[in-house]
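Novice: got a predicted structure plus its sequence, pasted below:
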Amino acid sequence: MCGYSLITGLSPSVVRATIMITIFITAKTFARNKNGYNTLAFAAFCQLIYNPFLIWDVGFQLSYLSVFGLIYLQPKIYKWIYVKNKWLNKVWQLIALSLSAQLVTFPLCIYYFHQFPVYFLMGNLFISIPLILIMVLGIAILVPFIDKISPIFEWIIVTTNTVLKWIADLPFSTFSSVWITLPELILMSIALGLLIYGLVSKSAKFYIFSALIYIACSAITLYNDWTAIHQKKIIFFTLRKNYAAAFIDGKTAVLLTDLSPDDRNYKFFIEPTLQQSQINAIRFTNLERDTVSKNFIKKDNQIVFYKYNILLIDEHFNYKKIVIDSKFSSVWLTANNKYNLQNL
């Protein structure tokens, strides 16, 4: 296991698994009792002693949360349904395993990745079949004279990726563009914890507390939506070879940029910010064109958004055309302009 963790780059989740397995094997060797919670806590303690900043690592957080869900929740979910058939029982075990991990990590996944995989059960059930083969064969091909199995290894990986991509491309496979704030994350986590404890203890009062917290969370969401409807702001994006500025009015935006909606830089840097601002209508334009929209005007080298005036200085800028007593709120210097701040 230590060798595997070295091969994979000592990621937090793999190191956690290595420490836990080492403790379990040691306890079994010396005929000592094993406690999953203590082992999990000790593994986290060891990693945080070495690097305290791992507490902010997404992989570290999700790894420990999911394992906690497996230890605490999986046995309880498994008891919900009794399955006599041997093979169906194994399927139900995998379903209980997947549900327990997904439930406890759900709020954090929404907070960090802003999406939820709808068909996670289908994907998890499928990947459990080739996963063990991939791990075993991946290490086996490193041994001399066994490299002839590499075509089989390649076929398994390609087939697995193809099926997973097919699942990801199914209609409504992902519930995306979900943005929650830190207070909403905390409330959702508390409500989910109360709901899970209510399911385990079968106590109605925990359901009520959970429902009340979810109502409070919904109230925050409604307030954020109201704020988004009345927002007015300008966002300038810092890009290496391109330019972009978003003029946001409510849930609509005029985007001045030389990027297309399909460009990788737009998808990675700009689109998430607009989604977070709850923008549902975007008008694309660029600095070469004059644009007139509601509360927005771009004419030659002047941009007006409500009462905010911006002087645009680009390669075509001619200061002689600017009225002497003109007042501007700010100046936008493009990368290809012929001036600098000292000359201005």
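Specialist: Thanks, I have the structure now.
Novice: assumed Arg289 was part of a helix.
Specialist: No: applying DSSP: H, G, I helix; E, B strand; the rest coil, one finds Arg289 to be coil, outside a helix.
Novice: for it, what are phi and psi?
Specialist: phi -110, psi 150 (degrees, to the nearest 10).
Novice: now do Asp258
Specialist: Note on Asp258: backbone dihedrals following degrees, to the nearest 10 are phi -100, psi 10.
Novice: likewise for Ile282?
Specialist: Backbone torsions of Ile282, given as degrees, to the nearest 10, read phi -120, psi 130.
Novice: and the residue nearest the centre of this protein?
Specialist: Centre of the chain computed as the mean C-alpha position; nearest residue by Cα atoms, centre = their mean is Phe113, 1.3 Å away.
Novice: from Thr160, how far off is Lys299?
Specialist: Distance of Lys299 to Thr160, given as Cβ to Cβ, to the nearest Å: 55 Å. C-beta coordinates here come from the backbone N, C-alpha and C atoms, glycine included.
Novice: quick check: Trp92 touching Lys84?
Specialist: No: counting by Cβ atoms under 8 Å, Trp92 stays clear of Lys84, with 10.7 Å between them.
Novice: of these two, who's got more company?
Specialist: Neighbour totals were compared for Trp92 and Lys84, and Trp92 leads with 17 against 6 (other Cβ atoms under 10 Å).
Novice: pLDDT at the closest residue to the more buried one other than its chain neighbours, what is it?
Specialist: Distance criterion Cβ to Cβ, 6 or more residues apart in numbering; nearest residue to Trp92, sequence neighbours excluded, is Val83 at 4.9 Å. Note for Val83: predicted pLDDT of 81.
Novice: ok, Val83 touching Ile95?
Specialist: No: the pair Val83 / Ile95 is not scored as a contact, 10.1 Å apart, by Cβ under 8 Å.
Novice: more neighbours: the two, which one.
Specialist: Ile95 (16 against 13).
Novice: in contact with the residue nearest to the more buried one when sequence neighbours are not counted, which residues?
Specialist: Counting by Cβ to Cβ, 6+ apart, Leu121 is the residue found nearest to Ile95 once chain neighbours are left out, at 6.3 Å. Counting by Cβ atoms under 8 Å, 6 or more residues apart in numbering, Leu121 touches Ile95, Ser98, Leu99.
Novice: check whether Leu121 sits in a helix, strand or coil.
Specialist: Reduced to three states with three-state DSSP, the structure at Leu121 is helix.
Novice: between Lys299 and Thr160, which one's more packed in?
Specialist: Each of Lys299 and Thr160 has its neighbours counted (other Cβ under 10 Å); Thr160 has more, 17 against 11.
Novice: list the contacts for the more buried one?
Specialist: Applying Cβ under 8 Å, 6+ apart, one finds that Thr160 lies in contact with Phe126, Ile127, Pro130, Ile134.
Novice: so it is in which element?
Specialist: Per DSSP states H and E, Thr160 falls inside helix 150-168.
Novice: just the CA coordinates for that helix, please, in CSV.
Specialist: Output of helix 150-168 as CSV, limited to C-alpha atoms (Å, rounded to 0.1, in the frame of the first residue of the first chain):
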residue,chain,number,x,y,z
SER,A,150,-0.8,-3.9,-21.2
PRO,A,151,-3.2,-4.1,-24.2
ILE,A,152,-5.8,-5.7,-21.9
PHE,A,153,-5.1,-3.0,-19.3
GLU,A,154,-5.6,-0.3,-22.0
TRP,A,155,-8.8,-1.8,-23.2
ILE,A,156,-10.3,-1.9,-19.7
ILE,A,157,-9.4,1.8,-19.2
VAL,A,158,-10.8,2.9,-22.6
THR,A,159,-14.0,0.9,-22.1
THR,A,160,-14.5,2.3,-18.6
ASN,A,161,-14.0,5.9,-19.7
THR,A,162,-16.3,5.4,-22.7
VAL,A,163,-19.1,4.1,-20.5
LEU,A,164,-18.6,6.8,-17.9
LYS,A,165,-18.7,9.4,-20.6
TRP,A,166,-21.9,7.9,-21.9
ILE,A,167,-23.4,8.2,-18.5
ALA,A,168,-22.2,11.8,-18.2
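Novice: pull out the buried residues from that helix.
Specialist: By neighbour count on 16 or more other Cβ atoms under 10 Å, the buried set for helix 150-168 is Phe153, Ile156, Thr160, Val163, Ile167.
Novice: kindly report the same for stretch 295-308.
Specialist: Buried-residue list, stretch 295-308, by 16+ other Cβ under 10 Å: Phe296, Lys298, Asn301, Gln302, Ile303, Val304, Phe305.
Novice: one more: stretch 74-85?
Specialist: Within stretch 74-85, the residues that count as buried by 16+ other Cβ under 10 Å are Gln74, Ile77, Tyr78.
Novice: how is this structure divided into domains?
Specialist: With domains defined by automatic domain parsing, the chain comprises 2-186, 187-229, 232-333.
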